[in-house]
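**Q** take a look and give me a structure for this.
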Amino acid sequence: MAAAVFPNLKYSDSLTVVGISVCTAVVCEAISWILIYRTTSYKSLKSSIDKASKKLETMKTDSNPSKLSVKKSKTKKIDRVETSLKESSRDLSLFKFKSGAVVALVLFVVFGLLNSLFEGKAVAKLPFVPLRIVQKMSHRGLQGEDPTDCSMAFLYLLCSISIRSNLQKFLGFSPPRGAAGAGLFPMPDPKSN
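**A** Numbering: from 1, shown residues only. Predicted coordinates for the structure are as follows:
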């Protein structure tokens, strides 16, 4: 297939994998926009997270408590805002879950298609010899002993990660800044120990 698209190009397989990765990222973001980003529920959750994170930031920077009772009430207010922020972030993650399932299905189908097209074929040459653990990923499914050969799976993985995250930032779909550490499995709170 790649030979038919780019018949005289030296890097035709690599360009095909990168091109399909770009197209897949655009399709996945379109699906996410349809199922998530254009809805009023998402917009209200995102605005509540933004407001709570700004409020928390200003409360933490205003450290001028002179009395012990003022300090305790301020700590309680900060804890309430943090709890509200965590709940909103969790709700946002659960809201994104349905789109994540559809996107995962699309990525699974595309990966299977690419895997059948480029099975056992090196699509790129790495300019260095990777570490042993990376070499197992980059040389997955390839015959031969050349450690600089790059499989389709490794190139597609690298392209998908970099292109999709940059596309989300470009389109303004990255998560709100207060929701960065949140999610279904947030980091434990050190104060609760």
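**Q** does Met152 really touch Lys121, like I thought?
**A** Yes: the pair formed by Met152 and Lys121 meets the contact definition of C-beta atoms under 8 Å, at 7.2 Å. No exception for glycine: its C-beta is placed from N, CA and C like everyone else's.
**Q** the more surrounded of these two?
**A** It is Met152, of Met152 and Lys121, that has more neighbours when counted by other C-beta atoms under 10 Å, with 26 against 14.
**Q** quick one: that one from Leu56, how far?
**A** From Met152 across to Leu56, the span is 45 Å (C-beta to C-beta, to the nearest Å).
**Q** where does pLDDT dip in this structure?
**A** Residue ranges of the chain with pLDDT under 70: 1-9, 63-70, 175-193.
**Q** pull the longest helix from it.
**A** For the chain, the helix with the greatest residue count under DSSP state H is helix 68-117.
**Q** for this protein, which residue occupies the most central location?
**A** What sits nearest the mean C-alpha location of the chain, by C-alpha atoms, centre = their mean, is Ser165, with 5.5 Å.
**Q** and the gap between the closest residue to that one other than its chain neighbours and Glu119?
**A** Closest residue in space to Ser165, ignoring its immediate chain neighbours: Ser174 at 8.0 Å, by C-beta to C-beta, 6 or more residues apart in numbering. Distance of Ser174 to Glu119, given as C-beta to C-beta: 35 Å.
**Q** more neighbours: which of these two?
**A** Remark: of Ser174 and Glu119, Ser174 carries more neighbours, 14 against 11, as counted by other C-beta under 10 Å.
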